[in-house]
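1. pasting the sequence and the predicted model now:
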Amino acid sequence: QLQLQESGSRLVKPSQTLSLTCAVSGDSISSGGYSWSWIRQPPAKGLEWIGYISQTGTAYYNPSLKSRLTMSVDRSKNLLSLKLSSVTAADTAVYYCARGWVAPYVLDKWGQGTLVTVSS
Amino acid sequence: DIQLTQSPSSLSASVGDRVTITCRASQSITTYLNWYQQKPGTAPKLLIYVASTLQSGVPSRFSGRASGADFTLTITSLQPEDFATYFCQQSSSPPYTFGQGTKVEIK
């Protein structure tokens, strides 16, 4: 059974870089033609779609975050990674990784999420 | 970006009630609309995709419908485990935006 587990820095200082990884287990990240996405949710607020990486490695970032965002996939380790630079308090959120179908784009498997707090 | 507006933002209902949540898109997304359920402290769970297709394992009391730019999620005979927040998401074009959510509370 596919499982996704986020991990990384839980407390980040303003202006620094937030770094997260998502370990995928139960299946190869390269199988099935899926895409891999990140979504975040500020405390007590709604969901914000961050971006995705396709099976071919093409990344699409939310334009609102694009200038600060880097997403990658390490297929040898079955790992996704997210880096968000120049963070502010507005980046405080629970960050989720998720598996997505390609057509239609549907997020069918999610990690449990990890809370990242931006504070000095 | 495509904006999704959900209504109501919250509602109170009793076990056994029929509940309908609406999601309106700011532009045409044909039927590329998904619904997710989120309970406190947990990740969202996929309920319905392409407006009306039930995800495997989701109870049949959940249904979805599209009518132009308006989409509805209906829960017939609300069960205790259905009290949660529901989000719509458009999958027509990136960024794949979400609605602001509808919280279903116990009356």
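-> Cool, the structure landed.
2. now do the residue nearest in space to the middle of chain A against chain B, distance only.
-> Computing the C-alpha centroid of chain A and ranking residues by CA atoms, centre = their mean puts residue A:38 first, at 2.9 Å. Here the criterion is CB to the nearest CB, to the nearest Å. By it, residue A:38 lies 12 Å from chain B. C-beta here means a position set from N, CA and C on the backbone, and glycine is covered the same way.
3. run a quick neighbour tally on residue 12.
-> By default, I'm working from chain A. Residues lying near residue A:12 (other CB atoms under 10 Å in any protein chain shown) number 20.
4. correction: the question concerned chain B.
-> Under the neighbour criterion other CB under 10 Å, residue B:12 is assigned a count of 12.
5. and it, which of the three is it?
-> On the three-state scheme (DSSP: H, G, I helix; E, B strand; the rest coil), residue B:12 is labelled strand.
6. mind listing the strands for chain A?
-> A:3-8, A:11-12, A:18-25, A:35-41, A:48-53, A:59-61, A:69-74, A:79-84, A:93-100, A:107-110, A:114-118 (DSSP state E).
7. hmm, the third one touching chain B?
-> No: counting by CB under 8 Å from any CB of the partner chain, no contacts exist between strand A:18-25 and chain B, the nearest distance being 12.0 Å.
8. what angle do that strand and strand A:3-8 make?
-> 160 degrees (axes from the mean of the first three to the mean of the last three CA atoms, to 10 degrees).
9. how far does strand A:18-25 sit from the chain's center?
-> Mean-position distance between strand A:18-25 and its chain equals 7 Å (CA atoms, centre = their mean, to the nearest Å).
10. let's have the strands of chain A in CSV, adding mean pLDDT.
-> As requested, those are exported to CSV (pLDDT from 0 to 100):
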stretch, mean pLDDT
strand A:3-8, 97
strand A:11-12, 98
strand A:18-25, 98
strand A:35-41, 97
strand A:48-53, 96
strand A:59-61, 95
strand A:69-74, 95
strand A:79-84, 97
strand A:93-100, 97
strand A:107-110, 97
strand A:114-118, 98
